[in-house]
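Engineer: sequence and predicted structure below; questions after.
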Amino acid sequence: MWVNPIISQRASKGQFAGLYSDLRAHPPKFFNYCRMSVATFDRLLGELRPALTFQDTNMRRSVSPEKRLIITLRYLATGHSFSALHFEFRMGTSTIAGVVRATCSAIWMRLKASVLPHQTRQQWLDIAQGFLERAQFPNCIGALDGKHIRVKKPPNSGSQYYNYKQFFSVVLLALADTNYRFIIVDIGSYGSTADARIFRASRMGRWLQSNQLDVPQPANLPGSTGPPAPYVVVGDEGFALSSQLMRPFPRRGLDAKRRTFNYRLSRARRFVECAFSHISGGFSCRPSSWPPKMSMWLSRRV
């Protein structure tokens, strides 16, 4: 048969046809379904519509931009397999996979300049002021950490993706501010690679080392008359100490001043951990069922 009878009824019985209009009439339910408000969805759809609009043919009608975005958001929000979405939306499994890939790519290409812009010197100073006010940690321009994203083991990859937590992953290395927003990201490194090594090899690390991020010049710490201190990012014990990155003191033999310093640094570093938690809580997708290259779509993009 040309089209399975179940799929042929998607215009009248599919989940999009039966729920979309009703969800828009009930904003709280829409938020639970898509993990974003109606206004945010409409704004995102407006940005993506040119990239998600395809031409109808004599053989079949194209999938509408609204349906493409709803399918992708539902996949990211729930982590359901393409096979499960196939029954929910009454679309072919390969069609679902193509829609998700194309929409994710469009989101990145259309929004990367506005979501992850290059920071100006004044913006770095505003970020540092946020860390001073909310964490009492001066001259800090970001909290740095890595998160392991579970993936299906790529063929012939050996143990490259096998991490110390005993599952296969790629690493999301991110620098976040006090509003839980990512400033710079590096995505796609092997799960077996340590965060410090990923940072050194990333564009983020190279830019910080070579001072290409327009970071402000060293400034005096509040209440201090000593020499100016550089602006730094903060990380955990897994990173190496440098003039651009501050890490805590070793935990043994600490005096009161060093314990206080570690406490303040921990308060500053928690913002990136909370940012990861917000993403994990809103979007439950675990790409363990993706094809090998699917998990690398945003690899090494900053």
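Structural biologist: Great, that's in hand.
Engineer: and residue 182, how far is that from residue 176?
Structural biologist: In this view, residue 182 and residue 176 are 6 Å apart by CB to CB, to the nearest Å. For glycine as for every other residue, the C-beta is placed from the backbone atoms N, C-alpha and C.
Engineer: what touches both of these two?
Structural biologist: residue 275 (CB atoms under 8 Å, 6 or more residues apart in numbering).
Engineer: when these two are compared, which one has more neighbours?
Structural biologist: Shown here are residue 182 and residue 176; by other CB atoms under 10 Å, residue 176 has more neighbours (26 against 17).
Engineer: and the more buried one, its phi and psi?
Structural biologist: For residue 176, the backbone dihedrals are phi -120, psi 160 (criterion: degrees, to the nearest 10).
Engineer: try residue 174
Structural biologist: phi -140, psi 150.
Engineer: how many other residues sit next to the residue nearest to residue 136 when sequence neighbours are not counted?
Structural biologist: Nearest-residue entry for residue 136: residue 264, 5.7 Å, with adjacent residues in sequence omitted and distances by CB to CB, 6 or more residues apart in numbering. By other CB under 10 Å, the residues close to residue 264 number 18.
Engineer: any weak-confidence spans in the protein?
Structural biologist: Along the chain, segments meeting pLDDT under 70 span 1-2, 284-302.
Engineer: which secondary structure elements does the longest strand along the chain contact?
Structural biologist: With secondary structure taken from DSSP state E, the chain has its longest strand at strand 140-150. Helices and strands touching strand 140-150, by 3 or more CB pairs under 8 Å, 6 or more residues apart in numbering; DSSP states H and E, are helix 121-135, strand 169-176, helix 195-201, strand 232-234, helix 256-282.
Engineer: ok, and for the longest one, which residues are buried?
Structural biologist: If I follow you right, that is helix 256-282. Of the residues in helix 256-282, 261-262, 264-265, 267-272, 275-276, 279 count as buried by neighbour count, 16 or more other CB atoms under 10 Å.
Engineer: and the two most separated of these?
Structural biologist: Using CB to CB, the pair of these lying farthest apart is 261 and 279, separated by 29.1 Å.
Engineer: could you measure from residue 238 over to residue 144?
Structural biologist: With distances taken as CB to CB, residue 238 is found 10 Å from residue 144.
Engineer: go on, residue 276?
Structural biologist: Using CB to CB, one obtains 12 Å as the distance from residue 276 to residue 144.
Engineer: what sits in contact with each of the two?
Structural biologist: residue 174.
Engineer: dump the buried residues of helix 256-282 into a markdown table; add distance to residue 200 as well.
Structural biologist: Putting the buried residues of helix 256-282 into a markdown table (distance: CB to CB, whole Å) gives the following:
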| residue | distance to residue 200 |
| --- | --- |
| 261 | 24 |
| 262 | 23 |
| 264 | 25 |
| 265 | 20 |
| 267 | 26 |
| 268 | 21 |
| 269 | 19 |
| 270 | 24 |
| 271 | 22 |
| 272 | 18 |
| 275 | 22 |
| 276 | 21 |
| 279 | 25 |
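Engineer: tell me the contacts of residue 201?
Structural biologist: Counted by CB under 8 Å, 6+ apart, residue 201 has contacts residue 189.
Engineer: so it versus residue 209, what's the distance?
Structural biologist: Distance of residue 201 to residue 209, given as CB to CB: 11 Å.
Engineer: hmm, residue 241 is touching residue 247, no?
Structural biologist: Yes: taking contacts as CB atoms under 8 Å, residue 241 lies within contact range of residue 247: 5.3 Å.
Engineer: look at those two and report which has more neighbours.
Structural biologist: Between residue 241 and residue 247, counted using other CB under 10 Å, the more crowded position is residue 247 (21 against 13).
Engineer: so that one versus residue 157, what's the distance?
Structural biologist: As judged by CB to CB, residue 247 and residue 157 stand 31 Å apart.
Engineer: same thing with residue 10?
Structural biologist: 37 Å.
Engineer: next one: residue 148
Structural biologist: Here the criterion is CB to CB. By it, residue 148 lies 15 Å from residue 157.
Engineer: buried sites along stretch 178-187?
Structural biologist: Neighbour-count burial for stretch 178-187 flags 178, 180, 182, 183, 184, 185, 186, 187 (criterion: 16+ other CB under 10 Å).
Engineer: got it, and stretch 159-169?
Structural biologist: For stretch 159-169, using 16+ other CB under 10 Å, the buried residues are 161, 162, 163, 168, 169.
Engineer: just stretch 223-236 next, same as before
Structural biologist: By neighbour count on 16+ other CB under 10 Å, the buried set for stretch 223-236 is 231, 232, 233, 234, 235, 236.
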